[in-house]
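Colleague: Provided below for reference: sequence and predicted model.
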Amino acid sequence: MGHNTFTIQPIVRRNRANAAGEIPVFFRIIVNGKSVEISTRQYVAPGQWSSEKGRVKGNTETARTVNTYLDNLRNKIQKVFNKLEEKNEAVTAEKIKNIHLGKSSRQKTLLEVFGYHNEKMKAQVGGDFAQGTLVRYTTTLGLLGEFMKHQYGVADMALADLNHEFVTNLEFWLKTVRKCNHNTTMKYIGNLRKIVYMALSNGWADNDPFARFKVTLKEVKREALTVEELERLQAKDFGTNRLGQVRDVFVFCCYTGLAYADVAKLQASQLNRGIDGKQWIFTERTKTKTASNIPLLSPASALVEKYKNHPQTASKGLVFPVPTNQKMNAYLKEIADLCGIDKKLTTHLARHTFATTVTLTNGVPIETVSSMLGHKNLKTTQIYAKVVQTKVSMDMERLENKLAAGRTTDTIRKAE
């Protein structure tokens, strides 16, 4: 037999009264100083509860019923503890709770419901969801499994056991153990929140662990190429097709704002004459399924022409030969080095360049840019406008300094 200390304390939560003003009774299970709580699913009138005795006062029908129920429940939990001790198994309060919940009523678990969600999502990839979205949810599912093993020593948990503390522990674990940055952490937690809300609306859970948790994103400083860097990139001769092609795809994204997923599958059939008789791209974003119609600027048109009869594209009806995202990013690193550009080139940086350097800085209205980027709401585009404001401010500062320097020389001349 083990030497574990074990107590069950009945407690009430006075701050969680139901509509009738009754308060819920919980059992606090304490094993070796570590405690968990489980709901007894019983409610009592606040004045009827005796904290000293841990039962309902008096001898009314209701008091007897609730007290008998609590006694039976206490015995059931005691039996779980005794069994674990008999088997010489490691005993934790969490384990007792999980076994008890699994026995008393077949409750849905977090990983079970998350897996169910991902299966349904898988069936809708290409329709309502992009492949990338499914990948993110699959990753989140894996991380949750790791987290529960690490934090609670369990492989899975009942949905009913998720609470505010679970979410804050998960946030801490993602940031410290997994070294995720703030926004990545919040995206994983946002995915979990979606699953919890799905469970709540299906009636599989009745407590919302996110009631007091706010998912917040920090604004990211979005880098873009300057006009000079973009020109240097376009003019560079790499002497190899491999780098030349990747540079061309990247430059095309700088002049159209297309994301990697969209340029990789861009078909010649999506290029058509627009209302102005010029060539446009008519497409919808893979990520958001939002229409994104973009008139081709001449540098972009020239690139389309350049690859018109390219053997890798003509047969598939594609506009460009685009390598995998991984290869593309590796080649872009090489390209940046060769061009002396000290920025991490990615297709996303090309999109930022289109939004700021190419359009907003040249006076294209934000609503127009938003529509070309296929943003669902203007707020997303406004992040780019801030980048432009910062640049305007820096340019004006430089001008101010020039003027000030000019004034100083004038003053010196006058003094002479």
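Modeller: On my side now, so go ahead.
Colleague: could you find the closest non-adjacent residue to residue 154?
Modeller: Excluding the flanking residues, the one nearest residue 154 by CB to CB, 6 or more residues apart in numbering is residue 148, at 5.4 Å. For glycine as for every other residue, the C-beta is placed from the backbone atoms N, C-alpha and C.
Colleague: report the buried residues of stretch 169-179.
Modeller: By neighbour count on 16 or more other CB atoms under 10 Å, the buried set for stretch 169-179 is 169, 170, 171, 173, 174.
Colleague: typed the wrong thing, it's stretch 138-146
Modeller: Per 16+ other CB under 10 Å, stretch 138-146 contains these buried residues: 138, 140, 141, 143, 144, 145.
Colleague: now do the contacts for the fourth one.
Modeller: Read it as residue 143. Contact analysis of residue 143 by CB atoms under 8 Å, 6 or more residues apart in numbering lists 174, 178, 188.
Colleague: any idea which helix or strand comes after the strand or helix carrying it?
Modeller: Residue 143 is part of helix 131-152, with elements assigned from DSSP states H and E. Moving toward the C-terminus from helix 131-152, the next helix or strand (DSSP H and E) is helix 164-176.
Colleague: please name the nearest non-neighbouring residue to residue 42.
Modeller: residue 25 (4.6 Å).
Colleague: confirm that the one you found sits in a helix.
Modeller: No. Using DSSP: H, G, I helix; E, B strand; the rest coil, the secondary structure at residue 25 is strand, not a helix.
Colleague: from residue 288, how far off is residue 371?
Modeller: According to CB to CB, to the nearest Å, residue 371 and residue 288 sit 13 Å apart.
Colleague: please disregard the earlier target; I meant residue 159.
Modeller: 30 Å.
Colleague: check residue 50 too.
Modeller: 57 Å.
Colleague: same question, residue 7
Modeller: Residue 7 is 53 Å from residue 288, by CB to CB.
Colleague: of the two, who's got more company?
Modeller: Each of residue 7 and residue 288 has its neighbours counted (other CB atoms under 10 Å); residue 288 has more, 15 against 10.
Colleague: before we move on, which element is that one in?
Modeller: Per DSSP H and E, there is no helix or strand for residue 288.
Colleague: I figured it hits residue 377, correct?
Modeller: No. Assessed by CB atoms under 8 Å, residue 288 is found out of contact with residue 377, at 10.1 Å.
Colleague: show me the domain layout of this protein.
Modeller: 6-104, 110-201, 227-394 (automatic domain parsing).
Colleague: give me the contact list for the longest strand along the chain.
Modeller: Looking across the chain with DSSP state E, the single longest strand is strand 34-44. By CB under 8 Å, 6+ apart, the residues outside strand 34-44 that reach it are 10-12, 18, 20, 22-29, 56, 66, 69-70, 73, 92-94, 96-97, 100-101, 160-161.
Colleague: residues near the nearest residue to residue 285 once chain neighbours are set aside, how many?
Modeller: For residue 285, ignoring the flanking residues on the chain, the nearest one in space by CB to CB, 6+ apart is residue 374 at 4.0 Å. Neighbour count of residue 374, defined by other CB under 10 Å: 23.
Colleague: and residue 155, how many residues sit next to it?
Modeller: Neighbours of residue 155 under the rule other CB under 10 Å: 11.
Colleague: quick one: contacts for it?
Modeller: Counting by CB under 8 Å, 6+ apart, residue 155 has contacts 111, 145, 148, 149.
Colleague: could you dump the residues you listed to JSON lines with distance to residue 220 and pLDDT?
Modeller: Converted to JSON lines, the contacts of residue 155 look like this (distance: CB to CB, whole Å; pLDDT from 0 to 100):
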{"residue": "111", "distance to residue 220": "31", "pLDDT": "92"}
{"residue": "145", "distance to residue 220": "28", "pLDDT": "93"}
{"residue": "148", "distance to residue 220": "30", "pLDDT": "91"}
{"residue": "149", "distance to residue 220": "31", "pLDDT": "90"}
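Colleague: adding distance to residue 235, write those residues out as JSON lines.
Modeller: Shown next, in JSON lines, are those (distance: CB to CB, whole Å):
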{"residue": "111", "distance to residue 235": "54"}
{"residue": "145", "distance to residue 235": "51"}
{"residue": "148", "distance to residue 235": "54"}
{"residue": "149", "distance to residue 235": "54"}
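Colleague: so which of those is the closest to residue 46?
Modeller: Among the contacts of residue 155, residue 148 lies closest to residue 46 (CB to CB), at 35.1 Å.
Colleague: any chance of the backbone angles for residue 259?
Modeller: phi -80, psi 170 (degrees, to the nearest 10).
Colleague: name the nearest residue to it, sequence neighbours excluded.
Modeller: residue 351 (5.8 Å).
Colleague: how far away is the residue nearest to residue 42 from residue 12?
Modeller: In this view, residue 25 and residue 12 are 6 Å apart by CB to CB.
Colleague: looking at those two, which has the bigger crowd around it?
Modeller: residue 25 (23 against 19).
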